[in-house]
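Colleague: Make a model of this:
(one chain, ligands or ions: 2)
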Amino acid sequence: MADVTQLIHDYLRHNKKFPHVFCAGCGHGIVLGSLIRSVHALGLPKDDVVLVAGIGCSGRMAVYVDFNTVHTTHGRALTFATGIKMANPKLKVICVMGDGDAMSIGGNHLIHAARRNIGVTALILNNQIYGMTGGQCSSATPQGDISMTTPFGSLEKAFDIVDMCKAAGASYVARGTSFHAIQLDRLISSAIMHPGFSVVEVFSPCPTQYGRKNKFRNAVDMYKWLKANTVKVETLKEPDQKPADGRIPIGVFRDVEEPGLEERYFELQRKLMGQNR
Ligand code: SF4
Ligand code: MG
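Modeller: Ligands and ions are numbered 1, 2, ... in the order given. Below you'll find the model as predicted:
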């Protein structure tokens, strides 16, 4: 297999879409690199991979890869991904969304994708803000944090994406960060190969909107914060335990083998066709 670094260099040389649009210090490029490394390490043919993107800075990821790509409407990426997977279950369908896209505007689709356990991988890039549109509060913005629409601090509690996806029925649920890139490769690779609905929440800093408003001096401060304020879930006594010091657990929170909706659907089809012969 060719060296992935060489492949990326060749691609950059011939592709006029680079340099990318992400701001300096943005975590999204790190997640994109992790996704490309994961697909490459798994040896998946590019034609068998579909990247479905929502709207927002994370949605730009679909522009920079040579998979099958669909750039969809705000909050609806999972509905497109569901249709693609049901039509052709052999495809590896990966859906990339931001926190505003997945949890606020598209929150309804997320819980139902989890409930159905459709065989799609959802990468939720959580920068705790609407980045592209200027820094509005999202449903993942922590209570008390400042945004364009909450200049005195948000009065609302943030969703816990991992807890919500587990409660709604997703069969693989993990959380990583843009700081922990090596761990992130493993989480994304496992999610892609998981048969049912797999979710990887990625804390991915937005130094431009969230960072500036919440008194991080620069992107480096944000990555240092991620390093100091995360804890590997396997070091906790109970996986559901929330550390008393407020650190964010990262790792795999659920990994159970359950057939995806598309498998159950085709099983039913086979059964009915057999009965009608
Ligand atoms: Fe990244 Fe934030 Fe810039 Fe968007 S606005 S590219 S999320 S740093
Ligand atoms: Mg966001």
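Colleague: okay, CA-based contacts and neighbour counts for the rest of this
Modeller: Fine.
Colleague: Where does pLDDT dip in the protein?
Modeller: Low-confidence segments of the chain, defined by pLDDT under 70: 1-2, 15-17, 277.
Colleague: Just give me the residue closest to the centre of it.
Modeller: What sits nearest the mean C-alpha location of the chain, by Cα atoms, centre = their mean, is Leu123, with 1.5 Å.
Colleague: if I've got this straight, it is in a helix?
Modeller: No: counting by DSSP: H, G, I helix; E, B strand; the rest coil, Leu123 is not part of a helix but strand.
Colleague: and this structure, which residues reach ligand 2?
Modeller: Selection of the chain residues close to ligand 2 by Cα under 5 Å from the ion yields 98-99, 127, 129-130.
Colleague: Can you narrow the residues you listed down to the ones near ligand 1?
Modeller: Checked against ligand 1 using Cα under 6 Å from any ligand atom, the residues of the chain next to ligand 2 give no members in range.
Colleague: Give me the buried entries from the residues you listed.
Modeller: With burial judged by 16 or more other Cα atoms under 10 Å, the buried subset of those is 98-99, 127, 129-130.
Colleague: Turn those into CSV, including secondary structure.
Modeller: Formatted as CSV, those follow (three-state DSSP):
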residue, secondary structure
Gly98, strand
Asp99, helix
Asn127, coil
Ile129, coil
Tyr130, strand
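Colleague: Pipe these into TSV and attach distance to Arg37 per row.
Modeller: Formatted as TSV, those follow (distance: Cα to Cα, whole Å):
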residue	distance to Arg37
Gly98	20
Asp99	23
Asn127	22
Ile129	27
Tyr130	27
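Colleague: ok, of those residues, which one's closest to ligand 1?
Modeller: Ligand 1 lies nearest to Asn127 out of those, by Cα to the nearest ligand atom, at 6.7 Å.
Colleague: and the closest one, what does it touch?
Modeller: Contacts here follow Cα atoms under 8 Å, 6 or more residues apart in numbering; on that basis Asn127 touches 98-99, 203-206, 210.
Colleague: Once you drop chain neighbours, what's closest to Arg212?
Modeller: With Cα to Cα, 6 or more residues apart in numbering as the criterion, Arg212 has its nearest non-adjacent residue at 7.5 Å, and that residue is Asn218.
Colleague: what residues are up against that neighbour?
Modeller: Residues counted as contacts of Asn218 (Cα under 8 Å, 6+ apart) are 207, 211-212.
Colleague: out of those residues, which touch ligand 1?
Modeller: Restricting those to those near ligand 1 - Cα under 6 Å from any ligand atom - leaves Pro207.
Colleague: could you dump the contacts of Asn218 to JSON lines with distance to Glu262?
Modeller: Shown next, in JSON lines, are the contacts of Asn218 (distance: Cα to Cα, whole Å):
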{"residue": "Pro207", "distance to Glu262": "39"}
{"residue": "Gly211", "distance to Glu262": "41"}
{"residue": "Arg212", "distance to Glu262": "44"}
